[in-house]
Structures are given as structure tokens and as C-alpha cells.
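Student: Coordinates for the following, if possible.
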Amino acid sequence: MKINFQLLMVISFLFSLEFETKLGKCNLIFDEQFNSNSKEYILFIQNDLNNLVNEFGEVDKYPFEIFITNKINKFKKLTKGPTPEWGVGIAKINPPRIIIKGTQLGKISYNRLNEILRHELNHIYLFRTPNYHILPKWFVEGFASYWADELTITKKIQISSALWENRQFALEGLKSFNLFNRIHANLAYAQSAVAIHVLIYFYGKNKLIEIIQKNSDNNDFDNHFKKITYDTSLDFTYKYEKYLNKNFKWMFLLKSSNILFISLPLILIIGYFIKIRNNRLILKKWEEEEKLQYEDDEESY
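Tutor: Numbers count the residues shown, from 1 in each chain. Prediction:
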């Protein structure tokens, strides 16, 4: 038993890479001993955490792990519990680790994997901030999505469609993202990212940093938020909903099928006027030809 354990430790060591980051030592672990992208991963992680800490402040430094696996059994074992069918990555607070499905298992591109990695690294960072325990779920996921720049045009269109169909989520209702199906989860993440954009838009990035870093006098987010922004959560909700309607209401028009549907009448109108113009040009040409013919007849006479 002891020999098997030692062998397992040796194998794990061979499959992992240890390096320093702004959050402490990171142990990056793959399924195989050699990964052709290992150097790129290391630089990506180091640079991302450097930028995160430089922009939002220092946090406690201690070791953490990152597992990138293409084996479903390993993914399930490491996540230690059920994950939604759409789940590709997860960050754990204790022990501090990130588990991500590789490109094959997750059926994702390397660019998408990097986005997920940035999202989860943001969680590891936020776990170490003094107010993590009072931050609402929309803030935690919104901050990670904001940092990973996941608010794509597709998600903006999804928000717009939800607004028109009156099925958008209220921020205070976003408490457990893992219970959503894929479509609802995408909408929840998108709305949360917008909430962070709204927070920065109305109060400035320094206020966002204070919410994260400034020690709270109590264990209540609403009071902490009010002390920093001088607005209540209700005030923020009003600003957030107004911002959504002003900036996202008409984005559904950017959807390709909607563009075709809306453009078709315009195309028909343009075609109608082009046809009229062409007919007038033809009539004018006939008139000129008849005039020339008449003049020729007069000269012949």
C-alpha cells in the first residue's frame, strides 16, 4: 500500500508543473506527462494573475492547484460532487483548486478554455479577499465574467430577447447558478457581467475595488455597499434595470434572422423604387429614339 502511494505521488509529480504566481505557488496538472502547451499555460496564468492583482489589489498568497483533464471520471472525482451538464470548469475554495475540462472532453476551443481559466482564476483571487463571504452570487460570477470578457454579442442578444419576452432575472434571485439549465445559465452569467459594468459605470472602478478590498464593519452586503457607494441595493437595482433597457433592448435586431426579417421589407421598397427608376430611364430612352427617328424622317422629306 505504501509503495503504491509513493508510486502515485511520483506519477503525479511527473504530470505536474510548479511555478510562482501573484497568488502563490501554482501546481498545474495534466493527464499526460508532456503537454505541448504547458509553457503557454504557465505564462497565461502568471500574466493574468499579475494583471488581476495590479488592477484590484493584493491578496493573501498560498499554494493552489489547477487540473486540466480530458477524462470525465477524473473530472468528477476532483470536483467532488455533481456538476451541471454544461459545466466545463469549477473553482474550489478548500482545498484551493481549479478543475477544467480539456478541449477534447469539454468540446471547446483553446480560446474558450483560456476564457474559462481566466474566469476560474478570478474566483481563486476573490476567495482570498476580505469580503468574499458577504458578496452575493451575482457579484461573484459577474466579476469573474467581466474579468474574462465573456459578455459576447451573442449574450447581449440573449439579454435583449429576454427583455422583450419579460423573462430576465432579478439580480437578487441569482443565488445558485448550478441549478439552471444551459440557456438560463448563459443568461444569468450575462446579466451578472452587465451588473459589474453598471457598477463601474455609475460609481467608478475604485468603488468596485473598495467593495472587494475594504474590510466590512458587518456581515451584510447591503450595508457594505451603501457605505461605499452611498446608494442602497434598491437604488442600484433601479439603475441596473434602467441601463439594461437603455443599452440592450434593441440588440435583438443584431440577430441574423431578425436582420433578414426586418431588412426584407426595406429591400422590397428599395427594389420597387429601382424598378420605377429603370422604367423611367427606359421610357426616356424610347422618347429620345422616337425624337431622333422623327428628325431623320423630316430630313428625308
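
Student: contacts and neighbour counts: CA atoms only from here.
Tutor: Fine.

Student: Where does pLDDT dip in this protein?
Tutor: The model of the chain has pLDDT under 70 over residues 1-14, 33-34, 252-273, 275, 277-279, 281-301.

Student: spatially speaking, which residue is in the middle of it?
Tutor: residue 150 (1.7 Å; C-alpha atoms, centre = their mean).

Student: contacting residues around the nearest residue to that residue once chain neighbours are set aside?
Tutor: Distance criterion C-alpha to C-alpha, 6 or more residues apart in numbering; nearest residue to residue 150, sequence neighbours excluded, is residue 115 at 7.2 Å. Counting by C-alpha atoms under 8 Å, 6 or more residues apart in numbering, residue 115 touches 148, 149, 150.

Student: Next: residue 182.
Tutor: Residue 182 neighbours (C-alpha under 8 Å, 6+ apart): 85, 86.

Student: measure it to residue 86 for me?
Tutor: 6 Å (C-alpha to C-alpha, to the nearest Å).

Student: repeat for residue 230
Tutor: For residue 230 relative to residue 86 (C-alpha to C-alpha), the value is 38 Å.

Student: same question, residue 241
Tutor: 27 Å.

Student: cool, and residue 118?
Tutor: 18 Å.

Student: Between the two, point out the one with more neighbours.
Tutor: Legend: neighbour count by other C-alpha atoms under 10 Å for residue 118 and residue 86, higher for residue 118 (23 against 14).

Student: Residue 209: neighbour count?
Tutor: 14.

Student: brain fart, residue 16
Tutor: 21.

Student: ok, it touching residue 29?
Tutor: Yes: when contacts are counted by C-alpha atoms under 8 Å, residue 16 is listed as touching residue 29 (4.2 Å).

Student: List the residues that contact the residue nearest to residue 220 when sequence neighbours are not counted.
Tutor: By the measure of C-alpha to C-alpha, 6+ apart, the closest residue to residue 220 outside its immediate chain neighbours is residue 134, 6.1 Å from it. Contacts for residue 134 (C-alpha under 8 Å, 6+ apart) come out as 219, 220, 221.

Student: State the distance from residue 134 to residue 218.
Tutor: 9 Å.

Student: if you go through this protein in chain order, where are the helices?
Tutor: All helices of the chain, identified by DSSP state H, fall at 2-14, 38-56, 72-79, 103-106, 110-127, 137-147, 153-164, 182-203, 205-213, 221-229, 233-248, 256-300.

Student: These: which one's closest to residue 25?
Tutor: The closest of these to residue 25 is helix 38-56. By C-alpha to C-alpha, the value is 10.3 Å.

Student: Quick one: residues contacting residue 16.
Tutor: 27, 28, 29, 30, 33.
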